[in-house]
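Sharing a model prediction with you, sequence too.
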Amino acid sequence: LRGRWRLATLALALAGLMKFSGILFLPGYLWLIFWQGGDTEHDAAINLRERLWRLAQALTIVLAAYLVCFAPFDSEPISLTTLSLVSPGTSGFNHSLGKILVFKLTEGLHNAALGLNWQPSQSWDLDHLREAFDPFVRVGLLFIVAVLSIWATWRARTIGRMLPAWGLVLFIYLTIWSFWFWPWYVSWVIAPVVLAGPGR
């Protein structure tokens with residue numbers, strides 16, 4: 001709000017290192033920097049080259065923050081596997097829409113095969129079916145979240161519009177693609193909604 005977008009970028013990058021949900025604010029903020037950078041008075045005069053230069057600076061700040069924080073602890077980027085689709089925390093789909101889809105789709109296929117008096121091979125047992133469907137569900141849900149998040153932030157080119165967009169992105173993430181969900185995670189949405197002001 002005060003135009004200190006470099007400091008805000010660093011703060012969001014560090015927030016993402018403490019809690020993954022903080023990373024969800026970064027793409028929207030980088031988009032906001034591209035259009036505004038906190039300098040509302042001179043937006044009309046900012047040309048494309050200046051906007052790209054500002055975005056490049058912001059990306060450098062994020063990368064530098066992550067490198068400085070990760071470098072002392074890993075000779076290999078092992079810690080980054082926690083953000084991947086194969087980490088122990090994400091592979092279970094605990095308490096999530098993904099887990100429901102994987103279990104329901106595979107149970108439906110398995111029961112349909114049994115209903116047709118077809119004796120499926122071992123590869124068609126429930127565990128193997130779940131293993132086969134898992135990556136498709138993950139990628140499908142990730143694609144849906146990406147499209148909806150871009151839709152939510154596309155027109156958010158001021159901080160006033162970005163705040164409710166952030167709340168919507170968090171809501172989309174929590175309801176569709178959060179690998180590990182607990183009810184109190186809904187509280188993440190409170191901050192951007194409260195900052196967005198009355199009526200939100």
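Perfect, thanks for sending it. Residues are numbered from 1 along each chain as shown.

mind showing which ranges of this protein have poor pLDDT?
37-46, 74-95, 114, 116-124, 200 (pLDDT under 70).

Please repeat the previous calculation with a cut-off of 80.
The chain contains residues with pLDDT under 80 at 1-3, 20-21, 36-47, 70-96, 98-99, 108-132, 134, 179-182, 199-200.

for it, longest helix please?
Ranked by residue count, the top helix of the chain under DSSP state H comes out as helix 126-153.

So which elements touch that helix?
Helices and strands touching helix 126-153, by 3 or more C-beta pairs under 8 Å, 6 or more residues apart in numbering; DSSP states H and E, are helix 26-35, helix 97-115, helix 159-172. (Each C-beta comes from the backbone N, C-alpha and C, glycine too.)

mind running it again at 10 Å?
In terms of contacts (3 or more C-beta pairs under 10 Å, 6 or more residues apart in numbering; DSSP states H and E), helix 126-153 is packed against helix 26-35, helix 88-91, helix 97-115, helix 159-172.

For these, please prepare a markdown table with the additional fields distance to A8 and mean neighbour count.
A markdown table is the format used below for the helices and strands packed on helix 126-153 (distance: least, C-beta to C-beta, whole Å; neighbours: other C-beta atoms under 10 Å):
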| stretch | distance to A8 | mean neighbour count |
| --- | --- | --- |
| helix 26-35 | 7 | 19 |
| helix 88-91 | 28 | 14 |
| helix 97-115 | 32 | 15 |
| helix 159-172 | 10 | 20 |
